[in-house]
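S.K.: Predicted coordinates and the sequence they were generated for:
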Amino acid sequence: MNIPEQLKKIKNELPQHVKLIAVSKTHPVSVIMEAYNAGHKVFGENRVQELVSKYDEMPKDIEWHLIGHLQTNKVKYIAPFVSLIHSVDSLKLLSVIDKEAQKCNRVIDCLLQVYIASEETKFGLSADELHELLQSPELGLMKNIRICGLMGMATFTDNKEQVRMEFRFLKNLFHDVKLKYFKEQSSFKELSMGMSSDYRIAVEEGSTMVRIGSNIFGHRSYT
C-alpha cells in the first residue's frame, strides 16, 4: 500500500470542510509515520492502551482522536492529550471525562455517539436517550467538556440505500439537536460518520469527519 498516495487520493476527493481521520489502530508506529511524513497529522485509535503508547512514541503535534468504545476507568489515561472523543454514549462517561479534564486543566471536546445501525454490536444512544442526556441538569454543571456534535456508525451492509437512510437520520437528528440545544454555539458543528466502506455516502449526507483506515493503510494485521 502506498500510504502517501492513498492519502492524497482520498484528500483530493473530500470536500474542503470534511476532516480526514486516519484510523491507525493495530498498525505499528513505523507505518503511521509514513502518513505523518506525508503531512497527515490527524489519527484515530480505538483502544486507550494503544492510543497512549502511540502518543508517547510519536511527534507531539499529532491530533489524536479516540473513536472506539470508552470505559470510564480508562478516561484518565487519555485526558491529558486527546483532541476529540467520538464515542461518548452516556451521561456517566461525560461526567468522568469532565472530572479528568478538570484535573488536567483542559476542556475536552466530545461527540455524542448515536446508535443508527440495525446491528446489535454497535454502541450508542437512541434519539430519546440523546435528548434525555442533553436535557439533564447535570450537563449544565460540566465546565471541562464541550459537546461538538454527533457520531454514528451505519450498518455494515452492501445495501447502500439503508446506509444512506441511517446517515440521513443522523444528519436530521443533528439539525434538531443543534436548533434545540446549541443554537448559539458555533462549536457544535461536527458530524462524524463514514468509514472506508461508506464514506462517500456519508459525505453526500452531510458528514464533516470521516474515519478511514484500510483505504489508507491496507487491511490490518491482528497478530
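M.R.: Yes, it's here. Source: prediction; values computed, not measured.
S.K.: for the residue nearest the centre of the chain, helix, strand, or coil?
M.R.: When Cα atoms, centre = their mean is applied to the chain, the residue found nearest the centroid is His86 (3.3 Å). Here His86 is strand, with the state taken from DSSP: H, G, I helix; E, B strand; the rest coil.
S.K.: For it, give me its contacts.
M.R.: Residues near His86 by Cβ atoms under 8 Å, 6 or more residues apart in numbering: 44, 65-67, 111, 113, 151, 192, 211. Glycine gets a C-beta too; all of them are placed from N, C-alpha and C.
S.K.: ok, now with 10 Å
M.R.: 21, 44, 65-68, 70, 109-113, 148-153, 190, 192, 209, 211 (Cβ atoms under 10 Å, 6 or more residues apart in numbering).
S.K.: quick one: contacts for Tyr55?
M.R.: Neighbouring residues of Tyr55 by Cβ under 10 Å, 6+ apart: 43, 45, 62, 64, 77-78, 80-82.
S.K.: let's go with 6 Å and repeat that
M.R.: 64, 81 (Cβ atoms under 6 Å, 6 or more residues apart in numbering).
S.K.: Surely it is within a helix?
M.R.: Yes - when three-state DSSP is applied, Tyr55 is found to be in a helix.
S.K.: Quick one, grab the pLDDT at it.
M.R.: Tyr55 carries a pLDDT value of 98.
S.K.: same thing with the one 5 residues further on?
M.R.: The model reports Lys60 with a pLDDT of 98.
S.K.: and what of Thr223?
M.R.: Reported pLDDT for Thr223: 44.
S.K.: again with Lys171
M.R.: 98.
S.K.: Double-check that Phe43 belongs to a strand.
M.R.: Yes - counting by three-state DSSP, Phe43 falls inside a strand.
S.K.: The closest residue in space to it that isn't next to it in sequence and Glu45: what is the separation?
M.R.: Leaving aside its sequence neighbours, Phe43 sits nearest to Ser24 (Cβ to Cβ, 6 or more residues apart in numbering; 4.6 Å). Here Ser24 is placed at a distance of 6 Å from Glu45 (Cβ to Cβ, to the nearest Å).
S.K.: Can you tell me how far the closest residue to His27 other than its chain neighbours is from Glu13?
M.R.: With sequence-adjacent residues excluded and distances taken as Cβ to Cβ, 6+ apart, His27 is closest to Phe217, at 5.2 Å. To Glu13, Phe217 is 17 Å away according to Cβ to Cβ.
S.K.: These two: which is more packed in?
M.R.: Phe217 (23 against 12; other Cβ atoms under 10 Å).
S.K.: Was I right to think that one contacts Lys25?
M.R.: No - Phe217 is not in contact with Lys25 according to Cβ atoms under 6 Å; the separation is 9.4 Å.
S.K.: what's around the residue nearest to Phe188 when sequence neighbours are not counted, how many residues?
M.R.: Nearest non-adjacent residue to Phe188, counting by Cβ to Cβ, 6+ apart: Phe182, 3.6 Å away. Number of residues near Phe182 (other Cβ under 10 Å) recorded here: 17.
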